[in-house]
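>>> Any chance you could fold what I've pasted below:
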Amino acid sequence: MHPFAVVGAAAGRLAHYAVSGVVGAVIVRETSKRLPGAKPVARKAVVQGIAGGIVAGRWLASAAEEARLKAGDVVAEARDTLGEEAPPPSAVTVQEPDHGHEH
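Okay, here's the model as predicted:
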């Protein structure tokens with residue numbers, strides 16, 4: 001996976017959780033101003049909503065990984081029918097910089 005994709009995914013998750021937290025805090029604050037006794041109920045509802053979002057995010061990540069692996073299998077099979085050797089799905093070529101000495 002490309003390093004920018006990993007960074008982008010992490011940034012997206014962070015932004016998602018930050019926005020969810022801010023929205024949840026605003027909902028709880030506004031509800032507690034209007035109905036002081038409703039604060040625990042509103043907080044519980046927000047926590048449950050965020051927990052549901054986390055579960056949905058995990059499910060989507062799992063489904064995306066499964067789809068990526070299945071697509072990799074199909075591509076590998078297609079290359080095999082052409083007589084080519086397929087690289088592993090996670091093969092990434094990284095060029096090492098020349099330090100001017102041997103390792």
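>>> Return the per-residue confidence for Ile54.
Among the per-residue scores, Ile54 shows a pLDDT of 89.
>>> Same check on Val23?
Reported pLDDT for Val23: 81.
>>> tell me how far the helix or strand where it lies is from the chain's mean position?
Using DSSP states H and E, Val23 maps to helix 3-34. On the basis of C-alpha atoms, centre = their mean, to the nearest Å, helix 3-34 is displaced by 14 Å from the centre of the chain it belongs to.
>>> list the buried ones in it?
Neighbour-count burial for helix 3-34 flags Gly24, Val28, Thr31 (criterion: 16 or more other C-beta atoms under 10 Å). In short, each C-beta sits where N, CA and C put it, glycine included.
>>> Which helix or strand contains Glu66?
helix 39-81.
>>> and that helix, what other elements does it pack with?
Counting contacts by 3 or more C-beta pairs under 8 Å, 6 or more residues apart in numbering; DSSP states H and E, helix 39-81 is packed against helix 3-34.
>>> Point out the other helices and strands that the helix it packs on packs with.
With contacts taken as 3+ C-beta pairs under 8 Å, 6+ apart, helix 3-34 sits against helix 39-81.
>>> Restrict stretch 69-89 to CA atoms and write it as CSV.
Output of stretch 69-89 as CSV, limited to C-alpha atoms (Å, rounded to 0.1, in the frame of the first residue of the first chain):
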residue,chain,number,x,y,z
LEU,A,69,-7.8,-9.8,-1.7
LYS,A,70,-10.5,-11.2,-4.1
ALA,A,71,-9.5,-8.8,-6.8
GLY,A,72,-5.8,-9.7,-6.3
ASP,A,73,-6.7,-13.4,-6.7
VAL,A,74,-8.6,-12.7,-9.9
VAL,A,75,-5.6,-10.7,-11.3
ALA,A,76,-3.2,-13.4,-10.2
GLU,A,77,-5.3,-16.0,-12.0
ALA,A,78,-5.5,-13.9,-15.1
ARG,A,79,-1.7,-13.5,-15.1
ASP,A,80,-1.3,-17.2,-14.6
THR,A,81,-3.4,-17.9,-17.7
LEU,A,82,-1.1,-15.6,-19.6
GLY,A,83,2.0,-17.5,-18.3
GLU,A,84,3.2,-14.5,-16.2
GLU,A,85,4.3,-14.7,-12.6
ALA,A,86,2.0,-12.6,-10.3
PRO,A,87,3.7,-10.6,-7.5
PRO,A,88,2.3,-11.0,-4.0
PRO,A,89,-0.6,-8.6,-3.3
